[in-house]
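Trainee: Test case, fold it:
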Amino acid sequence: TPESTYAEADTHWVLVVGRNGPNDYWVNDPIELEAKPTSLLRRYGRAGQGLQGAIVSILPYR
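Mentor: Numbering: from 1, shown residues only. Here you go, the predicted model:
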């Protein structure tokens, strides 16, 4: 979450389900039992860092 720091052992995957404007994405977070699309930046973003502060790595899937 934005209040905690990342550690090298932290791993958490979300499913991107759409764009939310030019600089954000809608994601479904599997940690929620009834996942609803939520803003990636609102949930995992860090002040002043944009997407770079919320995304550590990606795995594309088609």
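
Trainee: which of the residues in stretch 46-55 are buried?
Mentor: Ala54, Ile55 (16 or more other CB atoms under 10 Å). From N, CA and C alone the C-beta is placed, and that goes for glycine too.

Trainee: I meant to write stretch 54-62 there.
Mentor: Ala54, Ile55.

Trainee: Now do the contacts for the residue nearest to Arg46 when sequence neighbours are not counted.
Mentor: The shortest distance from Arg46 to any non-neighbouring residue, by CB to CB, 6 or more residues apart in numbering, is to Gly53 (3.6 Å). Shown here is Gly53, whose contacts under the criterion CB atoms under 8 Å, 6 or more residues apart in numbering are Gly45, Arg46, Ala47.

Trainee: Confirm Gly18 sits in a helix?
Mentor: No. Secondary structure assignment (DSSP: H, G, I helix; E, B strand; the rest coil) places Gly18 in strand, not in a helix.

Trainee: Which of the helices and strands in the chain ranks last by mean pLDDT?
Mentor: helix 40-44 (a mean of 87; mean pLDDT, DSSP states H and E).

Trainee: How about that one, which residues are buried there?
Mentor: For helix 40-44, burial by neighbour count (16+ other CB under 10 Å) applies to Leu40, Leu41, Tyr44.

Trainee: Would you mind checking which of those residues is nearest to Thr11?
Mentor: Tyr44 (13.0 Å; CB to CB).
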